[in-house]
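Engineer: this one's sequence-less:
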C-alpha cells in the first residue's frame, strides 16, 4: 500500500496529497469488493458457513484490507481534516476486528461479507471528492455522485449491516469479533445520520443554485 501511495504521488504529482490518497483508496475498495465476492462459497447463502474456519481466499481478502487500513490510518494522521475521532475509531475497530479474524482464522464468511458491505459504497465516496478537485464542485455531476454514494451506503450499511451484525452475534464467534462487529455497526449508524444531514443540505443548496441560475439565465 505504501508503494501504491508513492506511485500515485508520482503519477498525480500536480494533485494534492488527498487526491492521491483517494485514488489509492478507490483502488483498494474496488479490489476488496472483488476479492470478497470471489471468496463467497455459495451465492444462494453468501454468509455461510457461519463461525467456520476461514478459507485461503477469505484470509487473502482480509489481509489486503488490514494492510490498507493501517496505511490509511497513517495517512489520516498527516491530514488534520481526516484525523477526527470517529474516523480514527473506525480505522482502529476495523483493524482490530479484521486482524482478530486473521489471528483466529475463523468467521471468514461473516468478515468478507462485512468487507463487501463496508467497501461497496467507498468508490462513490471518494469519487465525490475527486470530482471536486477536478473542478466539478456544485455541479449536477457531483450531486449525482453524492446521491449514488448516499443510496448505496444507506442500503448496504443500514439494511445489510444490521442483518449481518445479528447473524454474527448469534453465531458461535469469538467475543472480540462480536464486539468489533457491533462497534462497526454503531459507527455506520452515526455516519448514516451525518450523511442524511449532508444530503438535506446538498439538495437545499442545489435548489438555491438552480433558482439563482434561472434568475440570471445560466444553469450548469
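Structural biologist: Nice, thanks for sending it over. What you see is a predicted model; the values in this text were computed from it and never measured.
Engineer: which residues of this structure fall in helices?
Structural biologist: For the chain, the helices defined by DSSP state H cover 2-11, 17-38, 56-77, 85-104, 108-119, 122-131, 140-155, 161-170, 175-216.
Engineer: Looking at those helices, spot the one closest to residue 46.
Structural biologist: Residue 46 lies closest, by C-beta to C-beta, to one member of these: helix 108-119, at 6.1 Å. All C-beta spots, glycine's among them, are computed from the backbone N, C-alpha and C.
Engineer: Mind telling me which of the helices of the chain the model trusts least?
Structural biologist: Here the lowest mean pLDDT among those goes to helix 2-11, at a mean of 50.
Engineer: hmm, back to that, can you tell which of the helices of the chain is closest to residue 45?
Structural biologist: The minimum distance between residue 45 and these falls on helix 108-119, with 9.2 Å, by C-beta to C-beta.
Engineer: quick one on the thing from earlier: out of the helices of the chain, which one sits most buried?
Structural biologist: helix 108-119 (a mean of 26; mean count of other C-beta atoms under 10 Å).
Engineer: Just the angle for that helix relative to helix 56-77, thanks.
Structural biologist: Interaxial angle, helix 108-119 versus helix 56-77 (axes from the mean of the first three to the mean of the last three C-alpha atoms, to 10 degrees): 40 degrees.
Engineer: so what's residue 127 up against?
Structural biologist: Shown in contact with residue 127 (C-beta atoms under 8 Å, 6 or more residues apart in numbering): 26, 145, 149.
Engineer: Next, format the helices of the chain as CSV and append distance to residue 49.
Structural biologist: Shown next, in CSV, are the helices of the chain (distance: least, C-beta to C-beta, whole Å):
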stretch, distance to residue 49
helix 2-11, 33
helix 17-38, 16
helix 56-77, 11
helix 85-104, 15
helix 108-119, 6
helix 122-131, 27
helix 140-155, 25
helix 161-170, 12
helix 175-216, 15
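Engineer: for these, which one sits closest to residue 48?
Structural biologist: Closest to residue 48 of those is helix 108-119 (C-beta to C-beta; 5.8 Å).
Engineer: Surely residue 195 and residue 153 touch.
Structural biologist: Yes. Residue 195 lies in contact with residue 153 (C-beta atoms under 8 Å); the separation is 6.1 Å.
Engineer: ok, back up a step: identify, from the contacts of residue 127, the entry nearest to residue 163.
Structural biologist: residue 149 (21.0 Å).
Engineer: dump the residue contacts of the closest one.
Structural biologist: Residue 149 makes contacts with 121, 124-125, 127-128, 195, as judged by C-beta under 8 Å, 6+ apart.
Engineer: And the residues you listed, which is closest to residue 74?
Structural biologist: Residue 74 has its nearest neighbour among these in residue 125, at 19.3 Å by C-beta to C-beta.
Engineer: Which residue comes closest to that closest one once chain neighbours are left out?
Structural biologist: Nearest residue to residue 125 in three dimensions, chain neighbours excluded: residue 149, at 5.2 Å (C-beta to C-beta, 6 or more residues apart in numbering).
Engineer: now swap in residue 154 and tell me
Structural biologist: Using C-beta to C-beta, 6+ apart, the nearest residue to residue 154 is residue 192, at 6.3 Å.
Engineer: For the one you found, give its distance to residue 160.
Structural biologist: 12 Å (C-beta to C-beta, to the nearest Å).
Engineer: Perfect, I'm done here.
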